[in-house]
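Enquirer: attaching a predicted model along with its sequence, questions to come.
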Amino acid sequence: MTENTIERVATSTLLDWYEQMAVIRGTEKAAHDLFLRGLVKGTTHLAAGHEAVAVGTSAALRPDDYVFATYRGHHHAIARGATPEGCLAELMQKATGVCKAKGGSMHLTQADHGMLGSYAIVGAHLPMANGAAWSAKLRGTTQVAVAFFGDGATNIGAFHEALNLAAVWKLPVIFVCENNRYMEYTPIASVTSVPNPAADRAAANGMPGVLVDGNDVVAVHDTMSVAVERARSDNGPTVVEALTYRHFGHSRTDPATYRPPEEVEEWMARDPLTVARQRLLDFGASREVVDAADARAAEVVASASRAAQDAPAADPAQAFTDVWADGGAAWRT
Amino acid sequence: MTENTIERVATSTLLDWYEQMAVIRGTEKAAHDLFLRGLVKGTTHLAAGHEAVAVGTSAALRPDDYVFATYRGHHHAIARGATPEGCLAELMQKATGVCKAKGGSMHLTQADHGMLGSYAIVGAHLPMANGAAWSAKLRGTTQVAVAFFGDGATNIGAFHEALNLAAVWKLPVIFVCENNRYMEYTPIASVTSVPNPAADRAAANGMPGVLVDGNDVVAVHDTMSVAVERARSDNGPTVVEALTYRHFGHSRTDPATYRPPEEVEEWMARDPLTVARQRLLDFGASREVVDAADARAAEVVASASRAAQDAPAADPAQAFTDVWADGGAAWRT
Amino acid sequence: MADLTSVQMTTYRDAVADGIARELRRDPTVVCIGEDIGKAGGVFKTTVGLFEEFGAGRVWDTPISEQAIMGAAMGAAMTGMRPVAEIMFSDFLACCWDYLANEIPKARYMTGGQLTVPLVVRTANGGGLGFGAQHSQSVENWALTVPGLKIAAPSTPSDVVGLMASAIRSDDPVVFFEHKGLFASKGEAAPPGHVVPLGEARVAREGSDVTVVALAATVPLALAAAAELEGDGISLEVIDLRCLVPLDMATVFGSLSKSSRLIVVEENPYQGGWGATVVSIVADEGFEMLDAPIRRVASENVPLPFADALEQRVIPTVDKLVEAVRRLMSY
Amino acid sequence: MADLTSVQMTTYRDAVADGIARELRRDPTVVCIGEDIGKAGGVFKTTVGLFEEFGAGRVWDTPISEQAIMGAAMGAAMTGMRPVAEIMFSDFLACCWDYLANEIPKARYMTGGQLTVPLVVRTANGGGLGFGAQHSQSVENWALTVPGLKIAAPSTPSDVVGLMASAIRSDDPVVFFEHKGLFASKGEAAPPGHVVPLGEARVAREGSDVTVVALAATVPLALAAAAELEGDGISLEVIDLRCLVPLDMATVFGSLSKSSRLIVVEENPYQGGWGATVVSIVADEGFEMLDAPIRRVASENVPLPFADALEQRVIPTVDKLVEAVRRLMSY
Ligand SMILES: Cc1ncc(C[n+]2csc(CCOP(=O)(O)OP(=O)(O)O)c2C)c(N)n1
Ligand SMILES: Cc1ncc(C[n+]2csc(CCOP(=O)(O)OP(=O)(O)O)c2C)c(N)n1
Ligand SMILES: [Mg+2]
Ligand SMILES: [Mg+2]
């Protein structure tokens, strides 16, 4: 399939994906730097290393499709149209943050682009993705919904309930596991009863389960395209398990010393940006063209970071808005 | 295997199982009659039709093994040593009830026989059975734990979490699904993504899943013996799905009109008592011997029912005991 | 006295189905989801007729998957639907508590207002029927611990319909507690177009000596106590809160300004019960209105026992309230 | 003044691991279970060293399966073990709420005393660290809604150790709330054999004008307010409840008999917060002791916002308490 793919994807398309990935990578690095400078508060879970999953999937979706992500969701927010500036501003507690600085890193959301939120309770959003898919079916649109989640999420009850209902109702939903081999610090293999935590559970709920190289944006795109087509044509849900790796620790306080150095090295060599860059060169793209994409991405991120830093701090009065749909927070007379 | 079995089980053993099943059946009928006479209060979920699962399993267990049941658990309580009198007294709100009339039909328990409770929140007790099995492992006994549950319970999250942990920790636990084809009133097939709701999910958690004729006490015994042996020799958990049928509706208020008459007829013809009786006769047991077992069972039940009716009503003061291990209910100074 | 010939009576149980049906007719985005709610008409027969009238496209039977139910409702609510999800017994809210505690009430806030979650969670609440420890709890106080949920708990058939209309039309998530002990009770049927706004208490009976604040099944209980105490010349004002959030303290204070004496009667356990929140507001803002201690008649702090005689010791009863009123009057 | 040279100081965080380790040493039936608690030493580093000292047979890493964790702990507790289960953030109690609400606290009662469930559920509770809506809640009030659970929430390192000993030795289930905001705080280390009984409040500071009832992180907050108000000549008596169940009202009433003024400072939201239960007891039994309204300084009734400046508006602060005391003193 990879062979076919290489012929099918236009170089310009791949270059575009590459640039999107570079923007995400740059934003994650900026977040890390700003954290080290004390400008990013709270906790962050960087997705550097996971970019191909986000970009490859987004490329297979329609603008009106829905996605749901986890606390490790910066990449999905950006891939679906949130600006690096809006994301960094959110992390820096600025009024211009995508969630008005009320959500923070773990809850990036860009609803007007169908990015219906990042959820920080493991597994909770899989059933929500069902709900969006069910709604699409009820309203007779052909939208699909995607839930992204980690390997660790496959051992929680909501995962099982979501898969079963999706299959029974033949919902246009795709469950995309970003298997990065670890929960927080514990290797997933040490607490999971099957080798492929997501894909190996698909059959238990009567749906296909597919493994894909999550560091190859083209492979992700192609695999997702099949799953999306299946969902859109009312043939039901799919589990996709993308094998990938995170470049940073679990969260900002984690140096990730529990990972064997050889393993880290091996995966770093398969950095999704490296893989895509190599493929671009193989396609005949010039080094200059690829470098130019890098430069554009760097400029986008740099100006986003500046703008976010310059933005006004969140207004404390916002603590009392947005509880209710009327905008307020009144709970009694 | 059935062939082998027929040779292996002694007639006297099968007669004993038959009599136990007859006692359970009689107790369920008594509960039903007492309910119609207004003497049994609250709700009841009769297990008539499921007797072979309880008796066949108990026969495969050691007295010090653990079992956990659902709100439909009279048969398991009795098979594990609760007396029909204690159970009927519980249902009739008598001081002599197995739970002092504080639990009721849904919570029959006989802890001193390893029957560690009946639980009325679907699925909740599967993880508890893991806990008892884990404890056995920690204490270095070779006890095993069994969780009985319905087909409906296989779609709840706790089921999945329990199976995964049991497999990862290789716990001496057996998950026994009593698949009677319905949740309350909804056919399980209409809300489940695989044909065999329990057995088809075993592989997703790396353990064997076995189907068994749940109306054949010998088949249940043999299948369970294999699973118990596996668990006891530290080879891990098993899912056993026993196909069976309930003779009454879901609970006392349900006439079960949603079941096709042909289906009911077919299953009634395969009543576990009929199956066992026929096998006894095939073994060469005389009709008189089997009838005598029926008569003994009837007498046990009749005297249990009388004794339960004659027992004193539960003491209202018991409302304020047994919250804490010191016997009391004090929550403040 | 009302002209009884023209008043149509109905049960609380039928009012539930009626209330939902009216909204299903009004608004095509309303959709029902739950266990056994379709052909079976619900375990409590509170959805009887919906499947027949509206079909499988509007009334969805689910597996026993409380998390999947709530998640589906939530996802659909943020994408244009108005789901009405049934959790059979309120005790089972514990099986999907994450959705009620962490997801549904916070989605709007933590996205800075990007998401709207207009859904209703209906559930059968309360004890008194001998269902035991895991099927008898009153758990409206669980919902009260969570900012971001509206909470309705009607006591009459017409309030069921009127509050259901408001709940389903609300753009905020509403937890709707139907009391099991009231299903068979009768009352006036709701007129066409009947709507009761969320957050408006009702004076169920006027009186002057003691203000009794009640909710759901404790409303008829309080009215029965009021009738009994009338003979002693003690006049109770009974307030049916109808909602816990929004909480109509104005009506409570209005009553208290006459009576200067307050008793809250609730089915929640005393520890952590909703009455404590009402009392704490009065003990602060209404301190000067009070002529006597504030009392709560709540459930005892033990699990719900099975046997009727024990359960009556645990939950509030008319006798307990009458006794509490008498003691308060002799303060 | 204490002899500082002989007093050993430690952090609240280290005290947690110390408290558990002492019991692991004492009693072979004690066993730990939770996510990342083994080799990793816990996400909050509150189990550091346990895996190394006691090994994989006593300290068990689990999958992300909160229900499986609680169920395993419960099943083991009824069969001879004393499990100490960690639920990483208290918000995640929502993912296994059924076990805390319906199973663990009721097993003994509904079996007529046949089962005993001696387990501890430890969890990191509370806000103030910018963790946002799903990782910052104070949910001890959830546990308070459930009769049958004991509830501890220490505020100092030595209380962590002393209450941990009591919790693990208790034959009743105990929910043990460790406050995230206190992990880095320091205090005297607990002496060997240190045990603090469940249900005994501590007078953290003696005073005469206002009784301030606090818990966990609001204890140092109240002490800071007391220090600030001392300058104004206002004397606060600060009571650290230490447990919500058993609830030591005797100590509260003892203080109130001096002060006649009460403020409860809690991190729970005002609606449904534990302070309301304390207030309702005082508004009943202590009515005649009161010279002024009872006030609560609680969290606002909104989800926890991410940004620090917003979060400070929502949770109790020293300033808010100082202001509340001043207003009360001028009543
Ligand atoms: C229900 C629940 N339990 C525990 C946690 C704490 N937690 C946050 S992330 C995480 C690890 C998740 O691992 P995985 O699903 O593999 O995702 P990854 O972080 O690797 O992307 C854990 C245990 C949580 N947020 N929710
Ligand atoms: C979590 C939960 N959801 C719903 C219920 C209500 N309920 C009780 S029994 C039942 C059907 C269970 O079906 P199954 O597991 O097949 O067991 P059976 O009754 O057929 O023995 C349901 C839905 C419950 N008790 N717990
Ligand atoms: Mg992972
Ligand atoms: Mg069934």
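Expert: Yep, it's here. Worth saying up front: this structure is predicted, and the values here are computed from it rather than measured. Numbers count the residues shown, from 1 in each chain, chains lettered A, B, ... in the order given. Ligands and ions are numbered 1, 2, ... in the order given.

Enquirer: now do the phi/psi pair for C:H179.
Expert: Dihedral pair for C:H179: phi -90, psi 120, per degrees, to the nearest 10.

Enquirer: so it touches C:G126, yeah?
Expert: Yes. If you go by Cβ atoms under 8 Å, C:H179 and C:G126 touch, sitting 4.5 Å apart. Quick note: C-beta positions are derived from backbone N, CA and C, even for glycine.

Enquirer: what do the two both touch?
Expert: C:A216, C:A217 (Cβ atoms under 8 Å, 6 or more residues apart in numbering or on different chains).

Enquirer: how about the helix or strand hosting C:G75, does it reach ligand 1?
Expert: For C:G75, the host element (DSSP states H and E) is helix C:66-77. No. Contact of helix C:66-77 with ligand 1 (Cβ under 6 Å from any ligand atom) is absent, the minimum separation being 11.3 Å.

Enquirer: wait, does that helix contact chain B?
Expert: Yes. Under the criterion of Cβ under 8 Å from any Cβ of the partner chain, chain B is reached by helix C:66-77 at C:E66, C:Q67, C:A68.

Enquirer: CA atoms only for the helix or strand that that helix is followed by, dumped as CSV, please.
Expert: Following helix C:66-77 in sequence order, the next helix or strand is strand C:82-89 (DSSP H and E). Listed next in CSV are the C-alpha coordinates belonging to strand C:82-89 (Å, rounded to 0.1, in the frame of the first residue of the first chain):
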residue,chain,number,x,y,z
ARG,C,82,-31.6,17.9,22.1
PRO,C,83,-31.2,14.4,23.6
VAL,C,84,-33.3,13.2,26.5
ALA,C,85,-31.3,10.4,28.1
GLU,C,86,-32.8,8.1,30.7
ILE,C,87,-30.7,6.6,33.4
MET,C,88,-33.1,4.0,34.8
PHE,C,89,-32.5,4.3,38.5
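
Enquirer: strand C:82-89 and chain B in contact?
Expert: No. Contact of strand C:82-89 with chain B (Cβ under 8 Å from any Cβ) is absent, the minimum separation being 8.6 Å.

Enquirer: C-terminal to that strand, what's the next element?
Expert: Next element after strand C:82-89 (DSSP H and E): helix C:97-98.

Enquirer: avg pLDDT for the following helix or strand past that following helix?
Expert: Next along the chain after helix C:97-98, taking DSSP H and E as the criterion, comes helix C:107-110. When pLDDT is averaged along helix C:107-110, the result is 98.

Enquirer: ok, now which ones touch C:V238?
Expert: Counting by Cβ under 8 Å, 6+ apart, C:V238 makes contact with C:V203, C:A204, C:R205, C:G207, C:V212, C:A214, C:V219, C:A222, C:L223, C:A226.

Enquirer: now it: phi and psi?
Expert: phi -110, psi 120.

Enquirer: that one pairs with what?
Expert: C:R205, C:V212 (DSSP bridges).

Enquirer: also compute the angle for the helix holding C:G75 relative to strand C:82-89, please.
Expert: Put simply, helix C:66-77 runs at 170 degrees to strand C:82-89, going by axes from the mean of the first three to the mean of the last three Cα atoms, to 10 degrees.

Enquirer: which elements pack onto helix C:66-77?
Expert: Helices and strands touching helix C:66-77, by 3 or more Cβ pairs under 8 Å, 6 or more residues apart in numbering or on different chains; DSSP states H and E, are helix A:125-139, helix A:157-168, strand C:30-34, strand C:82-89.

Enquirer: if you look at the second one, does any of it touch chain C?
Expert: Meaning helix A:157-168. Yes. Using Cβ under 8 Å from any Cβ, helix A:157-168 reaches chain C at A:G157, A:A158, A:E161, A:A162, A:N164, A:L165, A:V168.

Enquirer: quick revisit: export the helices and strands packed on helix C:66-77 as a markdown table, with columns for mean pLDDT.
Expert: What follows is the helices and strands packed on helix C:66-77, written out as a markdown table (pLDDT from 0 to 100):
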| stretch | mean pLDDT |
| --- | --- |
| helix A:125-139 | 99 |
| helix A:157-168 | 98 |
| strand C:30-34 | 98 |
| strand C:82-89 | 98 |
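
Enquirer: buried deepest among the ones you listed, which one?
Expert: Highest mean neighbour count among the helices and strands packed on helix C:66-77 (mean count of other Cβ atoms under 10 Å in any protein chain shown): helix A:157-168, with a mean of 30.
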